[in-house]
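Novice: Fold the stuff below for me.
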Amino acid sequence: MAQNRSCAGPQSANHYQEQAMKLRQMAELETATVLREQLLGLAAQYQELADILKAGSVPLRTRR
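Specialist: Have a look, this model is predicted:
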């Protein structure tokens, strides 16, 4: 199956950064250590993606 590609830019970067912030806030309130660590890990991934997108547009695959 062919994969559709789109170009993500600053608007997407801001979205991912906002999501990372929300995940970090959720982690602060979480009392279960395992869940808190998972939330922080996911937040780090979203932040990394935001940083990459802010550095320059990167083609992203859309869902199949």
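Novice: Now do the spatially most central residue of the chain, the pLDDT please.
Specialist: With distances taken as CA atoms, centre = their mean, Y46 lies nearest the centre of the chain, 2.1 Å away. For Y46, the pLDDT comes out at 97.
Novice: Need the CA coordinates for the helix or strand harbouring it. CSV is fine.
Specialist: Per DSSP states H and E: Y46 is located in helix 33-55. In CSV, the C-alpha atoms belonging to helix 33-55 read as follows (Å, rounded to 0.1, in the frame of the first residue of the first chain):
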residue,chain,number,x,y,z
THR,A,33,5.4,5.7,39.4
VAL,A,34,5.1,3.5,36.3
LEU,A,35,2.5,5.7,34.8
ARG,A,36,4.3,8.9,35.6
GLU,A,37,7.5,7.6,33.9
GLN,A,38,5.5,6.5,30.8
LEU,A,39,3.9,10.0,30.6
LEU,A,40,7.2,11.7,30.9
GLY,A,41,8.7,9.4,28.3
LEU,A,42,5.9,10.2,25.9
ALA,A,43,6.3,13.9,26.7
ALA,A,44,10.0,13.7,25.8
GLN,A,45,9.2,12.0,22.5
TYR,A,46,6.6,14.8,21.6
GLN,A,47,9.1,17.5,22.6
GLU,A,48,11.8,15.9,20.5
LEU,A,49,9.5,15.8,17.5
ALA,A,50,8.6,19.5,18.1
ASP,A,51,12.3,20.4,18.3
ILE,A,52,13.0,18.6,15.0
LEU,A,53,10.1,20.2,13.3
LYS,A,54,11.1,23.7,14.5
ALA,A,55,14.6,23.1,13.1
